[in-house]
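Novice: Test case, fold it:
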Amino acid sequence: MKKVYLTLFTCMLFISFLGHAEVRINGFASIYGGKTLDEGESLYGYSDEIDWQNGSLFAIQLSSDLSEGLSATAQVLARGNNDFNAEFEWAYLTYSISENSQISTGKLRIPFYRYSDFLDVGYAYRWAKPPQSVYNLNFSTYEGVSYLHTSYISEWDSSLQVLYGAVDTEFSAITDSDRGQLKDTFGFNWTLSNDWFMTRVAYLVTEATIDLSGSADLSALIGGLQAYGLTDQRSNIEVIEDDAYFAAIGIGINHENIIFDAEYTEFEIDNSIFAKQQQYYVSLGYQFDSITLSLTYENNDDENSRDQFNQVPRVIPGPNGIEIPIVVPNSNIYLQDVTNSALASQRASSDTYSFTVKYDFHTSATFKAQLTKLEDDLTGVNTGLLLFGVDLVF
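Specialist: Reported below is the predicted structural model:
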């Protein structure tokens with residue numbers, strides 16, 4: 001509740017700062033229920049008990065033209081999975097350099113994906129939940145600067161964005177709340193489109209640091225490697241100022257009644273415990289007046305490279321030529337096996353199938369129902385999920 005009061009107070013200050021400038025207020029909301037279809041199973045934060053909070057949210061966006069090319073935008077968002085505590089999702093100033101170029105600075109959305117700019121606005125896309133195999137990074141904003149240039153190339157609309165900044169937040173990495181920092185984040189995304197076809201590429205590089213102390217097992221492993229003087233092997237587990245990259249390519253088709261989307265992404269942190277992530281989805285939809293039906297297939301494949309395994313030796317030379325086994329204290333368990341197990345735990349492989357019905361029953365609201373089935377290729381476990389609810393804008 002204190003966070004809500006603080007956010008409302010900050011909004012009042014924002015409006016006060018704008019003085020006599022005209023303030024435009026828009027909003028959007030999603031109200032969703034969902035449950036898994038298998039007893040004892042969970043997926044995307046849902047369990048086998050129906051949940052009306054996890055996928056629901058409410059947001060207000062304030063924007064104002066401050067004249068002479070300068071504008072201000074702020075968005076306050078309350079998520080159900082955060083007990084509806086209202087927080088600033090973004091807040092930035094934009095200056096129009098020309099009719100085709102603008103620069104923004106503040107807290108901004110990272111353009112990882114095609115739908116990044118309106119990822120929270122469920123009304124803007126046809127799924128109840130965007131394909132989670134691809135849309136799986138659980139942070140979405142950075143603090144920094146963005147340059148946007150729009151132009152025409154032959155018969156194509158071109159939009160090129162270049163960004164620089166940093167991220168310092170909590171997100172789910174090894175545990176549900178690991179502290180992470182991305183320094184010197186630099187990247188671009190470029191979109192070309194015409195009346196019915198769109199293609200997009202994005203690439204970002206950064207220097208990643210993630211605090212792994214929340215995991216007792218990893219902390220013990222890192223401490224054990226350090227105790228044996230295996231600093232290189234310890235460095236290959238820790239995430240301290242490691243180079244990382246994110247790459248994406250996507251296409252979209254909206255021709256007559258046919259809608260098609262596909263995106264492929266990669267994400268990797270060099271010399272770390274985290275596996276290289278590769279994932280994609282393809283989605284085909286057909287629109288019947290106010291009803292849109294969609295079928296979506298997703299695939300993800302996360303795996304560490306083979307040369308990361310067996311880097312920890314099983315023995316080290318001791319005095320008088322005696323070999324000292326590198327084991328967990330007071331046990332016969334080799335640290336090599338523990339390290340290999342930690343790396344192998346990052347392996348993931350799954351196929352996901354979804355069927356979505358979208359019904360535009362109002363000019364500002366849409367109803368969606370989505371049935372999703374995830375097949376884990378490693379465990380053989382299949383989990384079904386039913387989502388249904390309403391997205392609206394106002």
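
Novice: can you give me the strands in the stretch 51-200 of the chain?
Specialist: 57-65, 70-79, 86-96, 101-109, 141-153, 156-171, 178-193, 197-210 (DSSP state E, counting those that start in this stretch).

Novice: Columns mean neighbour count on top of those, output as a markdown table?
Specialist: For every residue, glycine as well, the C-beta is placed using N, CA and C. Shown next, in a markdown table, are the strands of the stretch 51-200 of the chain (neighbours: other CB atoms under 10 Å):
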| stretch | mean neighbour count |
| --- | --- |
| strand 57-65 | 18 |
| strand 70-79 | 19 |
| strand 86-96 | 18 |
| strand 101-109 | 17 |
| strand 141-153 | 16 |
| strand 156-171 | 16 |
| strand 178-193 | 17 |
| strand 197-210 | 18 |
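
Novice: Please name whichever of these is nearest to Phe274.
Specialist: strand 197-210 (8.1 Å; CB to CB).

Novice: Tell me which residues touch the residue most central in space within the chain, please.
Specialist: Among the residues of the chain, the one closest to the centroid is Leu137, at 2.4 Å (CA atoms, centre = their mean). Leu137 makes contact with 112, 171, 246, 267, according to CB atoms under 8 Å, 6 or more residues apart in numbering.

Novice: all helices for this protein, in order.
Specialist: 2-18, 216-227, 231-235, 335-344 (DSSP state H).

Novice: among the contacts of Leu137, who's most crowded?
Specialist: Phe112 (23 neighbours; other CB atoms under 10 Å).

Novice: circling back: ok, which of the strands of the stretch 51-200 of the chain comes nearest Ile253?
Specialist: Short answer: strand 197-210, nearest of the strands of the stretch 51-200 of the chain by CB to CB, at 5.7 Å.

Novice: and the closest one, how far from the chain's centre?
Specialist: 11 Å (CA atoms, centre = their mean, to the nearest Å).

Novice: Check stretch 72-88 too.
Specialist: Using CA atoms, centre = their mean, the offset of stretch 72-88 from its chain centre is 17 Å.

Novice: what does stretch 308-326 give?
Specialist: With CA atoms, centre = their mean, you get 41 Å for stretch 308-326.

Novice: What's the end-to-end length of that stretch?
Specialist: 18 Å (CA to CA, to the nearest Å).

Novice: Quick one: mean pLDDT for it?
Specialist: Averaging pLDDT along stretch 308-326 gives 90.

Novice: For that stretch, buried residues please.
Specialist: 308, 311-313, 326 (16 or more other CB atoms under 10 Å).

Novice: Of the contacts of Leu137, which is the nearest to Asp301?
Specialist: Distances from Asp301 to the contacts of Leu137, taken by CB to CB, are shortest for Phe267, at 11.9 Å.

Novice: so what's the closest one up against?
Specialist: 137, 244-247, 276-277.

Novice: next one: Asp360
Specialist: With CB under 8 Å, 6+ apart, Asp360 has these contacts: 290-292, 366.

Novice: again, 6 Å this time
Specialist: Asp360 makes contacts with 290, 366, as judged by CB atoms under 6 Å, 6 or more residues apart in numbering.

Novice: Right, I'll call it a day here.
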